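Novice: Output the structure for:
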Amino acid sequence: MHTDLLVWIILAPLLGAILNGGFYFYNIKKRALPQRLFSLIGTLAPIIGFIFTLIIFIDMVNTNSTYHQTIFTWLEVDKLTIEMKFLGDNLSIFMAMFVTFVGSLIHIYAVGYMHKDEGFGKFFAYFNLFLASMLILVLADNPIILFIGWEGVGVCSYLLIKFYYGNKENVLAANKAFIVNRVGDFGFILGVITLFFAIGQGNLSFESIEANLSNASPSLLILSGFLLFVGAMGKSAQIPLYTWLPDAMAGPTPISALIHAATMVTAGVYMVARFHFLYSGIEGVGTFIAYIGAFSALFAAIIATKQQDIKKILAYSTMSQLGYMFIGVGLGFYSTGLFHVFTHAFFKAMLFMAAGGMIMAQHHEQNIFKMAQHRVSTPIVGFCMLVGVIAISGIPPFSGFFSKDAILGAAFHEGQYGIWAIGMFTAFLTAFYMFRLYFILFVAPNKNNTTAYVYTSKTITLPLLVLAVGAISAGFLNLPEVLGGHHMVDTWLAQLDSKELHMSHSTEYILMVVSVVFAVAGIYAAYKKYANFDIYNPESEEGLVANKFYVDEIYNAVFVQSAKKLSTFIDKVVDEKIIDSFIMGSCNQFINLGKVVGRLQNANVRFYGLFMLVGMSAIFIYLFISLGL
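Specialist: Next comes the predicted model:
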């Protein structure tokens, strides 16, 4: 048994963050520490966390055990008991495995990407802390500890998005991400509180909550499930709390890869799966989650078709793929949704890292048309970009096909034909906008006819190649029976009591063929329009879709400006005219009263004697009356 290793999975990156932070502060004044020290600590920390996770995983495979590690009792008041306790079951270790593995690769990549940056040590301190926060979230034994990690990834995303805080736009983007997520987090807190009152007992561990659900009020459970999902809307960027995600691209590319592949945005999907016993037992909320996911997937895909910033295209693709994941978990196919989280981690991390390699090669240019005009040769980066584009488009046998097709099959199986149709059209759009990106960057004619080769360091190319292997082959881990597979991921996550597909093989084959046809149609449409596109006359940035349906402007008018007007009204009217006037008026009355009393204090002994006589007479009269004399 390796129970004690649970906390060390978290402590490894947490200690890395503390060490790098301390050395960074020392280095500010002394300038005596080499960059290699920060990179060594920063990369070893997540690798050690992965090794500990792997040890527990192997032990679980052999013993079929679940691990609990209690550090201390945090709070024990009346009916409420909160323990600092961690849980190592099949779900949490499944998540921790690819979080630490993909996170380690992104850390190695960051060494090359952030090379010679002035804030190198600070970056890795934040980066390690980000990973530690996600691992707290994943390994938490109860929703209170989960919320610590939940808030931790929010704070770290804020710190990393505004990493280059000298640019005002970066600070505004970080503020936006932080504030929008606080809206969702408020819903999460209310959901946990509602759940506490619903079950009427004080041990808030997930096992205890599940055991006491049968005695809970159904209406409170429905409310709790909805409020918890509000938190997921914010963290996983679903309608209507998605607007922070594209702006989060202001941070360095490694943090974009970490947010979108292994941390933060996947937290909402994990949370719904962790509360599977809650969502499986209440009517309506799961279907609501699935529809939010479907419309978020479609909405993001439509916007992505007109974006010109390479990182924003990938950001909207993340929002869209998260929508697929919520379709899966919303319909009760929890392991299917999580399988897409797993495969998505590989190809999305690779896409962002490949984009970062190209951005570096082109002196931090991010507009795809300008990048195409000054095309450079980066063979490994270009190859990995193509692999990622094929995988996310759902072309077999790449991993994205198997995980996405399973979700679409689940929607069809449940009779949710509207969701299935939206998912199919979104698959067409995904193939279209991703190959639009690829054709513009690598295929469209370039008048210069010269492509300069740019050397890319091994710390960038090696992680990319490892992720490429995962993007190609990870789908085979949950190969369906119709293709000769054994649903290995579904079997490992059997604790979630996921629904199972029960369709004829012919139906499954037809659905797969339809899915591939839609993806190929999207690729063909992109080829026809962009393979010979004039990159020197880019598409207009005007229009409804190019301007993201003006949602940011609507939010600004409805929420931001109204909040400013309300604040101004409170400041100028309520505060100054009412509260200040009342307080100042009261002060003036006390001052006037003091002046009157002050006149009585005239140092005249006979005057004081008169007042003493009057006072004593009043006391004696009161005593005579009260005693009845």
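Novice: Backbone dihedrals for N64, both of them.
Specialist: phi 60, psi 40 (degrees, to the nearest 10).
Novice: same check, this time on the one 4 residues further on
Specialist: Backbone geometry at H68, expressed as degrees, to the nearest 10, gives phi -130, psi 140.
Novice: Now it. Nearest residue, chain neighbours left out?
Specialist: Nearest-residue entry for H68: L87, 6.1 Å, with adjacent residues in sequence omitted and distances by Cβ to Cβ, 6 or more residues apart in numbering. For the C-beta atoms, the positions are set from N, CA and C on the backbone; glycine is no exception.
Novice: My guess is that neighbour contacts L137. True?
Specialist: No - using Cβ atoms under 8 Å, L87 is not in contact with L137, being 11.6 Å away.
Novice: Give me the pLDDT for S205.
Specialist: On pLDDT, S205 comes in at 85.
Novice: My guess is it contacts A140. True?
Specialist: No - judged on Cβ under 8 Å, S205 makes no contact with A140 at a distance of 9.6 Å.
Novice: Compare the two (neighbour count), which wins?
Specialist: A140 (24 against 20; other Cβ atoms under 10 Å).
Novice: Return the set of residues that bridge with that one.
Specialist: When assigned by DSSP bridges, A140 has beta-bridge partners F86.
Novice: start to end distance for stretch 532-543?
Specialist: The stretch stretch 532-543 measures 23 Å between its terminal residues, going by Cα to Cα, to the nearest Å.
Novice: neighbouring contacts of that stretch?
Specialist: Residues outside stretch 532-543 that contact it (Cβ atoms under 8 Å, 6 or more residues apart in numbering): 306, 308, 367, 369, 372-373, 439-440, 444-447, 546-547.
Novice: what does stretch 404-416 give?
Specialist: Residues contacting stretch 404-416 (Cβ under 8 Å, 6+ apart): 287, 290, 324-325, 327-328, 331-333, 336-337, 339-340, 394, 417, 419-420, 423-424, 427, 478, 480, 499, 501-503, 508, 511-512, 515.
Novice: Stretch 350-357 now?
Specialist: 106, 109, 113, 253-254, 256-257, 260-261, 310-311, 314, 317, 378, 381-382, 384-385, 387-389, 392, 456, 460-461, 463-464, 467-468, 470-471.
Novice: Over to stretch 93-102?
Specialist: By Cβ under 8 Å, 6+ apart, stretch 93-102 touches 9, 46, 49-50, 53-54, 56-57, 60, 131, 134-135, 138-139, 261-263, 266, 270, 338, 341-342, 345-346, 349, 467, 489, 492-493.
Novice: Quick check on G281: phi, psi?
Specialist: Torsion angles, degrees, to the nearest 10, at G281: phi -100, psi 0.
Novice: likewise the one 3 residues further on?
Specialist: Main-chain dihedrals, G284, degrees, to the nearest 10: phi 90, psi -40.
Novice: ok, it - contacts?
Specialist: I222.
Novice: pLDDT-wise, which helix or strand of the chain ranks last?
Specialist: strand 452-453 (a mean of 62; mean pLDDT, DSSP states H and E).
Novice: C-terminal to that one, what's the next element?
Specialist: Counting by DSSP states H and E, the next helix or strand C-terminal to strand 452-453 is helix 458-473.
Novice: That following helix: which residues count as buried?
Specialist: Buried residues in helix 458-473, counted by 16 or more other Cβ atoms under 10 Å: T459, I460, T461, P463, L464, V466, L467, A468, G470, A471, I472.
Novice: isn't the third one right up against P379?
Specialist: Yep, that's T461 we're talking about. No - contact criterion Cβ under 8 Å: T461 and P379 do not qualify, at 9.3 Å.
Novice: Point out the other helices and strands that the helix or strand containing K370 packs with.
Specialist: Using DSSP H and E, the element containing K370 is helix 368-373. On a contact count with 3 or more Cβ pairs under 8 Å, 6 or more residues apart in numbering; DSSP states H and E, helix 368-373 meets helix 310-330.
Novice: Please work out the average pLDDT along the helix it packs on.
Specialist: 95.
Novice: how about low-confidence regions in the stretch 101-250 of the chain?
Specialist: 201-202 (pLDDT under 70).
Novice: quick revisit: pull up the overlap in contacts between S205 and A140.
Specialist: In contact with both S205 and A140: L87, using Cβ under 8 Å, 6+ apart.
Novice: picking up where we left off before, tell me the helix or strand right after the helix holding K370.
Specialist: strand 376-377.
Novice: Buried residues, the helix or strand just after that next one. List them.
Specialist: Once the chain leaves strand 376-377, the next helix or strand it forms, by DSSP H and E, is helix 379-393. Residues I380, V381, G382, C384, M385, V387, G388, V389, I390, A391, I392, S393 are the ones in helix 379-393 that count as buried (16+ other Cβ under 10 Å).
Novice: want to throw those residues into TSV with pLDDT?
Specialist: Shown next, in TSV, are the buried residues of helix 379-393 (pLDDT from 0 to 100):
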residue	pLDDT
I380	90
V381	91
G382	90
C384	93
M385	94
V387	96
G388	95
V389	96
I390	96
A391	96
I392	95
S393	95
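Novice: what's the closest of these to L241?
Specialist: Closest to L241 out of these is I392 (23.2 Å), distances taken as Cβ to Cβ.
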